[in-house]
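Asker: The following block contains a protein sequence and its predicted model.
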Amino acid sequence: MINKSFFILFVIFCFGVNVHAKELPSLFTVNIPADQYSNTNDGLNKAFNQLVKKLSGSRNKRYLWRVGDAKLNKIDFVSSYSIEAIDGNEYLSVEFNRATLIPELRKINMPLIGFSRPVILFLIKIDSGEGAPSYMDLNNPADSLQTNLQATLNEIASDRGIYLELPALDLEDQNFLQQTNILFSPAQYIQEKFYNDELLSFEISRVGINQWLINGDLNSQLSIQEDTILDFFSEQVHLFLDSFLSVEPLEQGVVGDRLILSITGLESFEDVQAVELELDKIFAIKSRDFHFFDRANIEYQTQLFQTTDALLRELRGSTKLYVKELAQDSATLYLEYLN
């Protein structure tokens with residue numbers, strides 16, 4: 001059965017709200033800084049814990065407790081590890097075995113987010129009281145505060161396995177953003193121009209000696225000390241992501257949706273192989289069987305782990321499969337293969 005939330009999401013897909021998730025190819029690779037582990041086993045365990053956070057979208061410890069209760073040996077899922085230099089710093093780089101790990105996490109009822117990851121765009125206006133306020137630009141951080149804020153976003157993005165991005169502003173963008181026309185919305189302008197699934201817009205303003213205030217989609221309510229801005233900012237972004245990435249498992253005994261996937265645009269056997277590889281990367285699909293096949297079209301009967309909206313969330317980041325239409329009466333999702 002296809003639930004109502006799926007139908008709502010499908011309507012959004014078809015009538016003009018863009019979704020811009022991107023694939024995260026390094027999903028099963030975790031890098032732990034050298035100063036954050038005491039020995040190799042400690043580093044491998046911490047890498048596993050971080051991977052669980054990336055896969056589940058949650059900082060909640062309950063999933064790690066389930067791993068412990070199931071007596072899973074974290075190190076058994078390590079494919080390889082090495083010491084790597086990244087941007088001049090040393091890391092323990094750990095690659096995990098997806099094929100052995102995912103089935104075990106399914107057994108303990110852990111909800112999973114696949115390779116398709118959301119793009120969160122940040123529009124941050126800085127008013128230091130020294131000169132005109134300005135917006136943070138990906139390529140031109142104006143001072144140490146902006147450099148540190150950008151570094152914090154990069155750290156969180158790596159930790160949570162998503163895309164946290166700043167706009168790369170050109171001169172035209174800067175001129176538009178400085179408009180004083182009350183009808184002009186900087187947030188709307190940036191959201192429409194740059195690739196994103198969600199925009200967070202806020203202002204960081206100096207309100208006294210070493211005192212700052214954050215207003216907007218992130219809000220400090222009261223002024224905060226200059227030396228606590230980064231910690232406050234980091235926690236607020238994490239709290240937003242806790243909610244945004246939340247995936248609740250189905251209730252005990254509830255079965256996931258069944259759906260036919262009908263895929264057109266095939267021109268060769270190599271295209272069929274590419275479709276198979278693309279479907280292999282989708283965590284929402286529990287099983288699939290050939291339902292129909294001809295020269296340009298292939299259909300699968302699929303059983304999903306959860307609801308169909310979970311499948312759509314993954315498909316929106318695919319560069320190979322484009323969502324065309326849902327036929328509710330036949331529970332068929334029509335896709336086009338993009339060669």
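Answerer: Okay, I see it.
Asker: rest of the way, CA atoms for contacts and neighbours
Answerer: OK.
Asker: Would you map out the domains in the chain?
Answerer: As assigned by automatic domain parsing, the chain contains the domains 28-113, 119-244, 258-337.
Asker: To Lys22, which of those domains lies closest?
Answerer: Lys22 lies closest, by Cα to Cα, to one member of those: domain 258-337, at 4.6 Å.
Asker: end-to-end on that closest one?
Answerer: Domain 258-337 has an end-to-end distance of 21 Å (Cα to Cα, to the nearest Å).
Asker: Just give the number of residues close to the spatially closest residue to Leu199 that is not a sequence neighbour.
Answerer: In space, and not counting its chain neighbours, Leu199 is closest to Leu121: 4.8 Å by Cα to Cα, 6 or more residues apart in numbering. Residues near Leu121, counting by other Cα atoms under 10 Å, number 21.
Asker: what do you get for Gln191?
Answerer: Neighbourhood size, Gln191 [other Cα under 10 Å]: 20.
Asker: That one belongs to a helix, doesn't it?
Answerer: Yes: counting by DSSP: H, G, I helix; E, B strand; the rest coil, Gln191 is part of a helix.
Asker: Give me the residues contacting the helix or strand hosting Ala157.
Answerer: Per DSSP states H and E, Ala157 falls inside helix 144-160. With Cα atoms under 8 Å, 6 or more residues apart in numbering as the test, helix 144-160 has contacts from 50, 53-54, 57, 136, 138, 141, 163-165, 230, 234, 238.
Asker: before we move on, back to that, these two touch, right, the residue nearest to Leu199 and Ile162?
Answerer: No: using Cα atoms under 8 Å, Leu121 is not in contact with Ile162; the gap is 11.2 Å.
Asker: one step back: can you flag which of the contacts of helix 144-160 belong to helices?
Answerer: 50, 53-54, 230, 234, 238 (DSSP state H).
Asker: Return a PyMOL selection command for the buried portion of those.
Answerer: Selection of buried members from the ones in helices among the contacts of helix 144-160 for PyMOL, criterion 16 or more other Cα atoms under 10 Å:
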select buried, resi 50+53+54+230+238
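Asker: List of residues touching stretch 329-339?
Answerer: 1-2, 258-266, 271, 275, 319-327.
Asker: Looks to me like Ile102 is in a strand.
Answerer: No: Ile102: not assigned to a strand; according to three-state DSSP it is helix.
Asker: What separation is there between it and Thr29?
Answerer: Look at Ile102 and Thr29: by Cα to Cα, they are 14 Å apart.
Asker: between those two, which one's more packed in?
Answerer: Using other Cα under 10 Å as the criterion, Ile102 and Thr29 rank with Thr29 on top: 20 against 15.
Asker: so the closest residue to that one other than its chain neighbours, which of the three states?
Answerer: Using Cα to Cα, 6+ apart and skipping the chain neighbours, the partner closest in space to Thr29 is Glu95 (4.5 Å). What three-state DSSP gives for Glu95 is strand.
Asker: Beta-bridge partners for Glu95, please?
Answerer: Thr29, Ser80 (DSSP bridges).
Asker: I'd say it and Val78 touch.
Answerer: Yes: with contact defined as Cα under 8 Å, Glu95 reaches Val78; the gap is 6.1 Å.
Asker: can you give me the strands for the stretch 151-300 of the chain?
Answerer: Here the stretch 151-300 of the chain has its strands, by DSSP state E, counting those that start in this stretch, at 163-165, 198-208, 211-216, 224-225, 258-264, 285-293, 297-304.
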